[in-house]
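Engineer: Here is the input, now give the coordinates:
(one chain, ligands or ions: 1)
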Amino acid sequence: MEKFTLAPDGVNPAAVPARTLCTGARIPAIGLGTFGSDRFTPAQVAAAVKGAVSVGYRHIDCASVYGNEPQIGAALGEVLDGGSITRQDLWITSKVWNDMHGKGDVLLSCARSLRDLRLDYLDLYLVHWPFPNFHAPGCDVTSRSPDARPYIHDEFMKTWRQMERLVEMRLVRHIGTSNMTIPKMKLLLRDARIQPACNEMELHPHFQQPEFFHFCTDHGIQPIGFCPIGSPTRPDRDKTETDSVDIDDPVVKRIAVRLGVHPAVVCVKWAVQRGQIPIPFSVHRNEYLGNLQSTVSPPLTDEDMQALAKIDKGCRLIKGQVFLWKDNQSWEDLWDGDGEITPP
Ligand SMILES: NC(=O)c1ccc[n+]([C@@H]2O[C@H](COP(=O)([O-])OP(=O)(O)OC[C@H]3O[C@@H](n4cnc5c(N)ncnc54)[C@H](OP(=O)(O)O)[C@@H]3O)[C@@H](O)[C@H]2O)c1
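Structural biologist: Numbering: from 1, shown residues only. Next up, the predicted model:
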């Protein structure tokens with residue numbers, strides 16, 4: 001086992017921007033994604049976590065469904081054993097998967113993630129999707145689960161009560177949501193005893209979700225942006241013909257050429273400067289280091305930010321087709337586009 005050391009060419013974590021949450025806690029304004037999909041093994045992702053911490057990342061976005069928390073836990077164990085980094089220096093997020101919303105299952109799922117990650121608390125625990133159904137990892141977007149269920153607010157609140165219990169038990173410091181919509185969030189804010197501190201949502205230049213983004217920030221909920229680069233190398237089964245490619249956008253490319261960076265770095269830089277917390281994924285050192293360095297280099301100009309604001313195409317990439325609960329539905333039904341929760 002290679003001993004964990006800090007990299008001399010890394011970024012000083014104290015210089016990386018942080019955001020203040022509704023509790024007053026500070027969260028690093030960039031994290032490392034860990035969804036290796038079927039492209040990268042758990043060992044490769046765990047090595048990237050260790051490498052990322054060594055170059056200055058302090059925020060790691062995990063989830064039980066990514067199937068790599070035991071390996072990431074081993075990597076975190078090496079990091080903490082190294083002696084230069086303490087648990088308090090790190091921000092670790094995990095998520096409860098959709099087949100673990102039942103009574104008591106959220107607590108069980110959290111306990112498993114804590115065991116696998118070798119931690120005694122999580123900084124943030126998210127409900128991964130507001131739909132309580134299971135589909136096999138790696139399944140095709142056309143696959144449907146016979147157990148699929150619509151969003152039922154009373155059921156979601158039973159899940160949320162278990163999330164609140166985890167805070168009371170001090171097993172998690174903050175709780176939050178993911179893949180929500182404004183109408184669902186309004187109901188949660190009405191009924192929650194502990195409000196979501198963060199909402200993880202798809203955010204990249206071609207999918208900026210301005211209304212939901214501002215709804216969150218207006219209500220003291222910090223947006224965390226997934227697929228910040230537009231997930232350019234996701235598996236073909238997760239692509240549709242109408243999907244656009246952020247890193248091929250002429251505005252993104254023009255800024256990248258001027259700055260001498262990859263267009264991916266422009267996406268990350270825009271995200272941090274706009275105010276969401278991007279969680280770009282990469283197992284390649286030059287890429288994850290470049291993404292982190294972008295948070296401490298001179299900011300994009302106002303003209304750049306205005307030009308990037310104009311390239312929003314409303315292009316949702318993670319459509320969630322597998323969560324549809326009856327025949328002849330469109331994936332748009334999952335996202336409450338007309339401002340009302342789609343009826344069961
Ligand atoms: N809450 C949710 O439901 C949800 C959904 C999706 C994702 N997430 C989280 O969000 C994270 C990020 O999303 P994602 O992995 O789908 O997509 P992403 O971060 O938008 O894109 C990742 C890909 O971009 C490329 N890349 C990254 N940095 C680069 C750089 N500096 N230069 C050039 N290319 C670069 C890499 O491609 P190569 O590998 O080919 O180099 C990498 O695989 C996930 O890992 C996961 O933690 C959460």
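Engineer: if I read this right, Met305 contacts Val272, doesn't it?
Structural biologist: No: contact between Met305 and Val272 fails when scored by CB atoms under 8 Å: they sit 11.5 Å apart. From N, CA and C alone the C-beta is placed, and that goes for glycine too.
Engineer: residues contacting the residue in the chain positioned nearest to the ligand?
Structural biologist: Nearest to the ligand in the chain, going by CB to the nearest ligand atom, is Gly33, at a distance of 2.4 Å. Shown in contact with Gly33 (CB atoms under 8 Å, 6 or more residues apart in numbering): 61, 226, 279-281.
Engineer: and it, what pLDDT?
Structural biologist: Listed pLDDT for Gly33 reads 98.
Engineer: Pro235 now?
Structural biologist: For Pro235, the model assigns a pLDDT of 84.
Engineer: and it, how many residues sit next to it?
Structural biologist: The number of residues packed near Pro235 is 12, by other CB atoms under 10 Å.
Engineer: Quick check on Thr93: phi, psi?
Structural biologist: Main-chain torsions, Thr93, degrees, to the nearest 10: phi -110, psi 140.
Engineer: Does it touch Arg58 like I think?
Structural biologist: No: assessed by CB under 8 Å, Thr93 is found out of contact with Arg58, at 11.9 Å.
Engineer: mind giving me TSV with the contacts of Gly33 and columns for secondary structure, pLDDT and distance to the ligand?
Structural biologist: Formatted as TSV, the contacts of Gly33 follow (DSSP: H, G, I helix; E, B strand; the rest coil; pLDDT from 0 to 100; distance: CB to the nearest ligand atom, whole Å):
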residue	secondary structure	pLDDT	distance to the ligand
Asp61	strand	98	4
Phe226	strand	98	3
Ile279	coil	98	5
Pro280	coil	98	4
Phe281	coil	98	3
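Engineer: Now a PyMOL select for only the buried ones of those residues.
Structural biologist: Buried subset of these, written as a PyMOL selection, criterion 16 or more other CB atoms under 10 Å:
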select buried, resi 61+226+279+280+281
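Engineer: In CSV: the contacts of Gly33, plus distance to Leu114.
Structural biologist: Listed next are the contacts of Gly33 as CSV, based on distance: CB to CB, whole Å:
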residue, distance to Leu114
Asp61, 16
Phe226, 22
Ile279, 20
Pro280, 25
Phe281, 23
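Engineer: returning to that earlier point: in terms of neighbours, single out the busier of Thr93 and Arg58.
Structural biologist: Remark: of Thr93 and Arg58, Thr93 carries more neighbours, 27 against 21, as counted by other CB under 10 Å.
Engineer: partner residues bridging that one?
Structural biologist: Thr93 has the following beta-bridge partners by DSSP bridges: Asp61, Leu124.
Engineer: List the buried residues in the biggest helix by length in the chain.
Structural biologist: Taking DSSP state H as the criterion, the chain has its longest helix at helix 153-168. Using 16+ other CB under 10 Å as the test for burial, helix 153-168 gives 153, 155-156, 159-160, 162-167.
Engineer: Distance to the ligand and pLDDT for these - can I get that in JSON lines?
Structural biologist: As requested, these are exported to JSON lines (distance: CB to the nearest ligand atom, whole Å; pLDDT from 0 to 100):
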{"residue": "His153", "distance to the ligand": "20", "pLDDT": "97"}
{"residue": "Glu155", "distance to the ligand": "19", "pLDDT": "95"}
{"residue": "Phe156", "distance to the ligand": "16", "pLDDT": "97"}
{"residue": "Thr159", "distance to the ligand": "16", "pLDDT": "97"}
{"residue": "Trp160", "distance to the ligand": "17", "pLDDT": "98"}
{"residue": "Gln162", "distance to the ligand": "19", "pLDDT": "97"}
{"residue": "Met163", "distance to the ligand": "15", "pLDDT": "98"}
{"residue": "Glu164", "distance to the ligand": "20", "pLDDT": "98"}
{"residue": "Arg165", "distance to the ligand": "22", "pLDDT": "98"}
{"residue": "Leu166", "distance to the ligand": "18", "pLDDT": "98"}
{"residue": "Val167", "distance to the ligand": "20", "pLDDT": "98"}
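Engineer: I'd guess Glu200 is in a strand, am I close?
Structural biologist: Yes: per DSSP: H, G, I helix; E, B strand; the rest coil, Glu200 lies within a strand segment.
Engineer: Identify the residues contacting it.
Structural biologist: Applying CB under 8 Å, 6+ apart, we find Glu200 in contact with 61, 95, 126, 176-179, 223-226, 279.
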